[in-house]
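S.K.: how does the following fold in three dimensions:
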Amino acid sequence: MPQPSSEQNEDPKNGTFEKLREAIDKRTARVGIVGLGYVGLPLAVTAANAGFPVLGFDIDADRVTRINAGETMIKHLDGSLIKAAVDKGLFEATADFSRLNEADAILICVPTPLTRHREPDLSFVSTTARVVAERLRPGQLVVLESTTYPGTTDEVLRPILEEGGLKSGHDFFLAFSPEREDPGNPDFGTSTIPKVVGGDGPLAMELADALYGALVTRTVPVSSTATAEAVKLTENIFRAVNIALVNELKVVYEAMDIDVWEVIDAAKTKPFGFMPFYPGPGLGGHCIPIDPFYLTWKAREYEISTRFVELAGEINTAMPRRVVDKMARAMDSHLKRGLNGSRILVLGVAYKKNIDDLRESPSLRLIELIEERGASIDYHDPHIPEIRMTREHASLAGRRSVALTADSIAAYDAVLIATDHDAVDYGSVLENAKLVVDTRNACARHGLTSEKIVKA
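M.R.: The predicted model follows:
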C-alpha cells in the first residue's frame with residue numbers, strides 16, 4: 001500500500017510511529033491479545049509462530065494456568081503448537097491486566113453477544129477498552145477484532161481510549177480487523193485466511209497492515225474502520241440469508257415430496273451462478289445467529305428497515321420448532337405415540353460437526369422444546385462431554401453425554417441427529433434405533449436408507 005508522506009510521519013511524541021513500525025518489521029514488537037478463546041488463542045499461536053513475543057490476557061485464571069502449561073482448551077487447536085510457543089519463550093498467558101502496558105500492539109478478541117431484546121451487547125468491548133485505557137501509553141497499536149456494527153471502533157472504542165488525554169493517530173494508533181475463524185475447517189486456519197484491515201487514519205492503517213501482513217498470507221486494506229466492520233457483517237449476513245432461503249425451500253419442497261438435499265446436490269453441479277448452502281435445525285455459532293442483528297439495530301439509527309435480513313432471521317429462528325413438530329408427527333405415524341412420556345436421544349450439541357463449540361447451538365433449543373412437550377432427553381456428543389453454562393440455556397448446564405451403544409440406542413423411542421459428527425457410527429444408530437430423525441442428511445451421506453429415517 002502507499003507509504004505515508006514524511007509530513008504524515010512527523011510525530012512530536014518521540015517518533016512513536018517510526019519506533020513501532022520498526023519493531024513490527026523486526027518482529028520485536030510484543031503482541032498483547034485480550035481474550036484467549038476461539039479467536040484469541042489461535043491468533044496468539046499464529047503470532048508466536050511468526051516470531052513475535054506474545055502476551056495473552058484472560059480473566060479465567062485456570063485457563064491461563066493451563067495455557068502456560070502448554071495445554072489447549074480448543075479441540076481443533078493442536079496443543080503441541082501452544083507448548084512449542086510457550087517453551088520457546090514466545091508466548092505467555094496472564095490474568096494480570098496491569099501488564100497491558102508491556103504490549104506494543106493490543107488485539108482485542110472479546111465476545112459481542114446480543115441482549116435478550118436482540119440488541120448489541122458491547123459490554124465486553126467497553127469494559128476491555130476501559131482496562132486498556134488505564135494502561136495505554138504512547139506508541140501502542142490497539143486493534144479491535146470482535147464483530148460489531150459499523151462505527152463501533154470510532155464511536156465506542158476511541159472515545160474511551162482517549163479519555164486519558166492520549167489521541168488516536170498521534171499518541172496511539174487504532175484499527176479494526178475482523179476475525180475470520182472457522183473452527184474445525186481443515187483447509188483454512190488463522191494464518192491462511194486473508195485479513196481485512198481498516199485503520200483510524202493512514203498511520204494506524206500502515207501499522208495494522210504491517211502487523212497482520214507478518215501473520216497471514218494476505219491482508220486486504222480498506223478505507224476505514226467502519227468499512228472493515230461492515231465487511232465482517234456482510235460476510236455473515238450473506239450466509240444467514242442464504243441458509244434461510246434453503247431452510248424455506250426445504251419446507252416448500254417437503255410439502256411437494258421433493259428432497260431438498262437431492263435438489264441442492266444436483267444444482268451445485270452448475271459451474272457458475274450457484275453456491276450451495278444447506279438447511280439445518282437452526283443457526284449456531286457466535287457469528288451467524290448474532291451478527292445480522294448488529295446491522296439491523298444500527299440501521300434504525302438511519303431510519304432504514306432491513307426487512308430482508310430480519311426475515312432471514314425469522315425463518316432461521318423458527319427452524320428448531322419446525323424440527324420438533326416434524327419429529328412429533330413422525331413418532332405418531334411410525335410409532336403410534338407422541339412426544340409426551342417418550343425418551344429421546346439427541347446426537348450432537350455442538351453447533352456444527354467435529355468441534356467442541358456449543359455457542360448458540362440449535363441443539364440446546366431443540367432439547368428445551370422437546371422437554372416442553374413432555375419427553376425426557378439425553379444427548380451424545382463425542383466432542384462435548386458436558387454442557388457448559390450458557391446465558392440463554394442455563395438450565396441445561398451440567399448435563400453429560402451418554403454412551404452410544406447398541407443397547408442404549410435401542411432404549412430410546414427416537415434418535416434426533418442434530419449435529420453430524422464424523423465420529424458417530426450412523427450404521428449402528430440406524431440398526432438399533434426405532435426411529436431416526438435426521439436434520440443434517442447424515443444417513444444419506446453415509447449411504448444409509450431405511451423407512452425408519454425421517455428427514456427434518
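S.K.: going forward, measure contacts between C-alpha atoms and count neighbours the same way
M.R.: Will do.
S.K.: doesn't residue 55 belong to a strand?
M.R.: Yes: membership of residue 55 in a strand is supported by DSSP: H, G, I helix; E, B strand; the rest coil.
S.K.: tell me who's in contact with residue 200.
M.R.: For residue 200, the contacting residues are 154, 168-169, 173-175, 224-225, by CA atoms under 8 Å, 6 or more residues apart in numbering.
S.K.: and it, how far is that from residue 154?
M.R.: Distance of residue 200 to residue 154, given as CA to CA, to the nearest Å: 8 Å.
S.K.: any residues in contact with both of those two?
M.R.: Shared contacts of residue 200 and residue 154 (CA under 8 Å, 6+ apart): residue 225.
S.K.: sorry, back to before: please flag which of the contacts of residue 200 sit within helices.
M.R.: residue 225 (DSSP state H).
S.K.: same list, the contacts of residue 200, but as TSV with neighbour count, pLDDT and distance to residue 363 please.
M.R.: Below are the contacts of residue 200 laid out as TSV (neighbours: other CA atoms under 10 Å; pLDDT from 0 to 100; distance: CA to CA, whole Å):
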residue	neighbour count	pLDDT	distance to residue 363
154	19	98	37
168	23	97	44
169	21	95	46
173	29	98	42
174	29	98	39
175	32	98	36
224	22	98	38
225	28	98	35
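S.K.: closest one of the contacts of residue 200 to residue 138?
M.R.: Checking the contacts of residue 200 against residue 138 by CA to CA gives residue 173 as the nearest, at 8.9 Å.
S.K.: any idea what the closest one is bridged to?
M.R.: Assessed by DSSP bridges, residue 173 has beta-bridge partners residue 141.
S.K.: so it makes contact with residue 202?
M.R.: No: using CA atoms under 8 Å, residue 173 makes no contact with residue 202, being 9.6 Å away.
S.K.: show me the shaky parts of this protein.
M.R.: Within the chain, the stretches with pLDDT under 70 are 1-14.
S.K.: center of it, which residue is that?
M.R.: residue 286 (4.0 Å; CA atoms, centre = their mean).
S.K.: pretty sure that one is in a helix, no?
M.R.: No: counting by three-state DSSP, residue 286 is located in no helix; its state is coil.
S.K.: which residues does it contact?
M.R.: So residue 286 contacts 113, 359-360 (CA under 8 Å, 6+ apart).
S.K.: which one (most neighbours) among those?
M.R.: residue 360 (25 neighbours; other CA atoms under 10 Å).
S.K.: return the distance of it relative to residue 320.
M.R.: 12 Å.
S.K.: what do you get for residue 302?
M.R.: According to CA to CA, residue 302 stands 33 Å off from residue 320.
S.K.: of the two, who's got more company?
M.R.: residue 320 (26 against 8).
S.K.: residue 281 is in contact with that one, correct?
M.R.: Yes: under the criterion of CA under 8 Å, residue 320 makes contact with residue 281 at 5.2 Å.
S.K.: identify the contacts common to these two.
M.R.: Joint contacts of residue 320 and residue 281 (CA under 8 Å, 6+ apart) are residue 362.
S.K.: so residue 352 sits right up against residue 420, yeah?
M.R.: Yes: with contact defined as CA under 8 Å, residue 352 reaches residue 420; the gap is 7.4 Å.
S.K.: which residues in the stretch 201-350 of the chain form helices?
M.R.: Applying DSSP state H, counting those that start in this stretch to the stretch 201-350 of the chain gives helices spanning 202-213, 225-255, 260-267, 291-300, 307-334.
S.K.: just those: most buried one?
M.R.: helix 202-213 (a mean of 23; mean count of other CA atoms under 10 Å).
S.K.: now for it, which elements pack on it?
M.R.: Applying 3 or more CA pairs under 8 Å, 6 or more residues apart in numbering; DSSP states H and E, we find helix 202-213 packed against helix 16-26, strand 141-144, strand 173-176, strand 195-199, strand 219-221.
S.K.: of the ones you listed, which approaches residue 35 most closely?
M.R.: strand 141-144 (11.3 Å).
S.K.: reformat the helices of the stretch 201-350 of the chain as a markdown table; add distance to residue 400.
M.R.: Below are the helices of the stretch 201-350 of the chain laid out as a markdown table (distance: least, CA to CA, whole Å):
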| stretch | distance to residue 400 |
| --- | --- |
| helix 202-213 | 40 |
| helix 225-255 | 30 |
| helix 260-267 | 32 |
| helix 291-300 | 30 |
| helix 307-334 | 22 |
